[in-house]
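Novice: can't give you the sequence, but here's the structure:
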């Protein structure tokens, strides 16, 4: 009996040393860079998205906007691996549209991908993260703390994501699981070109202001951080013993966030309007 117990202990230990990571949205951008780094250090990495990631990352097809899709994928993976060490939520969608003109199907879809998908992924992963004392990192945006004119639904969804991370971290930390939101600023990825931008007809009298804001936003993103640096920040945050519930990525964003939180809101809003060429 004694030998059998030692064998079981060794097998369990071996399983724990094989780290498993699930990244929702690892087919491109920040998610892809994070997946490649985790795989390079020996982790078993799964991508959940509609588009396949390149090997050695394994893809399980799942649409973050489809109710139940992420739950089924996470549960199937964790049954195979026996647990989960890291969940990273990178799925995102942006729609440049005036609040007054936006179609309900557009902003509802945006929240399904950016926020409710994260809720579903966290809920599905909870028992498996608890089993291994795992970590969850939700990739948010500095837009969750500072407004971006005409990208308001995106900013609102990222603000909600920050609060979700804080709330979930409070609830799960006593169970050995920590949850954080990481806030990158502009990042040079294909996300810029994938953004839905309302036309002049759709934007009505808001179009010129929307176009100015969109041009400024594109310049900020394409002149921004390399996604590999954001991926490094994700991994560092996940590896901290006592991570913050919300953290900015990169020295510039850490500074901007700290200053913005000290300034009166009317001052930060004035600075944002100037940055995005708004009257």
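Specialist: Now that the structure is in, tell me what you want to look at. These numbers were taken from a predicted model, which means no experiment stands behind them.

Novice: and residue 260, what element?
Specialist: Element membership of residue 260 [criterion: DSSP states H and E] is helix 251-262.

Novice: for residue 98, same thing?
Specialist: Assigning secondary structure by DSSP H and E places residue 98 outside every helix and strand.

Novice: swap in residue 179?
Specialist: Per DSSP H and E: strand 178-183 holds residue 179.

Novice: between the helix or strand following the helix holding residue 260 and helix 251-262, what angle do the directions make?
Specialist: Sequence order places helix 265-275 as the next helix or strand after helix 251-262, per DSSP H and E. Relative orientation of helix 265-275 versus helix 251-262 (axes from the mean of the first three to the mean of the last three C-alpha atoms, to 10 degrees): 140 degrees.

Novice: List of residues touching helix 265-275?
Specialist: With C-beta atoms under 8 Å, 6 or more residues apart in numbering as the contact definition, helix 265-275 has outside contacts at 146, 147, 148, 149, 216, 220, 260, 278, 279. (Each C-beta comes from the backbone N, C-alpha and C, glycine too.)

Novice: Weed out the non-buried ones from the residues you listed.
Specialist: 146, 147, 148, 149, 216, 220, 260, 278 (16 or more other C-beta atoms under 10 Å).

Novice: Export those residues to a markdown table and append columns for distance to residue 174, pLDDT and secondary structure.
Specialist: Below are those laid out as a markdown table (distance: C-beta to C-beta, whole Å; pLDDT from 0 to 100; DSSP: H, G, I helix; E, B strand; the rest coil):
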| residue | distance to residue 174 | pLDDT | secondary structure |
| --- | --- | --- | --- |
| 146 | 32 | 97 | coil |
| 147 | 35 | 97 | coil |
| 148 | 36 | 98 | coil |
| 149 | 41 | 98 | coil |
| 216 | 44 | 98 | helix |
| 220 | 39 | 97 | helix |
| 260 | 31 | 95 | helix |
| 278 | 45 | 96 | coil |
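
Novice: how about those in a markdown table, adding distance to residue 249?
Specialist: Output for the buried ones among the contacts of helix 265-275, formatted as a markdown table (distance: C-beta to C-beta, whole Å):
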| residue | distance to residue 249 |
| --- | --- |
| 146 | 14 |
| 147 | 19 |
| 148 | 17 |
| 149 | 22 |
| 216 | 20 |
| 220 | 14 |
| 260 | 15 |
| 278 | 26 |
